[in-house]
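K.L.:
just to be clear, the model below is a prediction. Sequence and coordinates:
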Amino acid sequence: MSLHDLAAVLLDMDGTLVDSDAAVERSWQRWAAEHGVPMSVLRPRLHGNTALATAIAVLPALTPAEHRRAAQRQLDLEYADVADIHAATGARELLDTLARLGLPWAVVTSADRRLANIRLGAAGITPPVLVTVEDTPSAKPSPQPYLAAAAHLGVDSARCLVVEDSVPGIQAGKAAGAQVATLRGLDGDFPIKDLSELAALLDVSDPQQRPRHAHQSARH
């Protein structure tokens, strides 16, 4: 698939569409101090993983109930910290480009719906479709979140472009059959430095070759 053949764009949230890096770092630093986990152990897991998956990975001696409480504590810290959260570089330009080209889009995140709404609201972004960790049986790197987003938009996931900044997210996009644009220097089909670069790539593709799709305005 080339960019000419796109049916939809599926965007990760944290670190991709929304710049929440500082808030994420602060909340995990506090959680790490409370739980005696070095940040050097946590930092590789800060992007693309659920709080529960991270708690299980870094605190293997805890019981399942303790893992759930530890994960909820981390989420509570994140709910309360919206300082410094804003739309990522190029986000407005990309969303304007998608609107002009008639390309439907969705946000697909490993956050829960409460946190996703908090951060998207802080960034001033309202996605037409929002898929969170609560909406599918398995989170990234499973393809289920991206398959669910494509289904809500009424398109084939193989004709979607996933935009990601984490290894689990890239794996999820690939497993869904999509091509992947990647940030943070990660390997992918379309490595980009920011969303402005992706907007430019889409802009130079021939819109006459891209079928238009009506997309749902209701949130999922």
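P.N.:
Great, that's in hand. Numbering: from 1, shown residues only.

K.L.:
next one, pLDDT for L115 please.
P.N.:
Note on L115: pLDDT of 96.

K.L.:
look at it and say how many residues are nearby.
P.N.:
For L115, the tally of surrounding residues (other Cβ atoms under 10 Å) stands at 21. The C-beta positions use only the backbone N, C-alpha and C, and glycine is treated the same way.

K.L.:
excluding chain neighbours, what is closest to it?
P.N.:
If the residues on either side of it in the chain are set aside, L115 comes closest to E78, at 5.6 Å by Cβ to Cβ, 6 or more residues apart in numbering.

K.L.:
pretty sure that neighbour is in a helix, no?
P.N.:
Yes: using DSSP: H, G, I helix; E, B strand; the rest coil, the assignment for E78 is a helix.

K.L.:
enumerate every residue touching it.
P.N.:
For E78, the contacting residues are 23-24, 27, 51, 111, 115, taking Cβ atoms under 8 Å, 6 or more residues apart in numbering as the criterion.

K.L.:
what pLDDT does it get?
P.N.:
Reading off the per-residue confidence, E78 sits at a pLDDT of 94.

K.L.:
what does the one 10 residues further on give?
P.N.:
In this prediction, A88 carries a pLDDT score of 98.

K.L.:
what do you get for P141?
P.N.:
The predicted local confidence for P141 is 96.

K.L.:
for it, phi and psi?
P.N.:
Reported as degrees, to the nearest 10, the phi and psi values for P141 are phi -90, psi 10.

K.L.:
can you tell me how far it is from T89?
P.N.:
The span separating P141 from T89 equals 26 Å under the rule Cβ to Cβ, to the nearest Å.

K.L.:
do the same with G185
P.N.:
For G185, the distance to T89 equals 15 Å [Cβ to Cβ].
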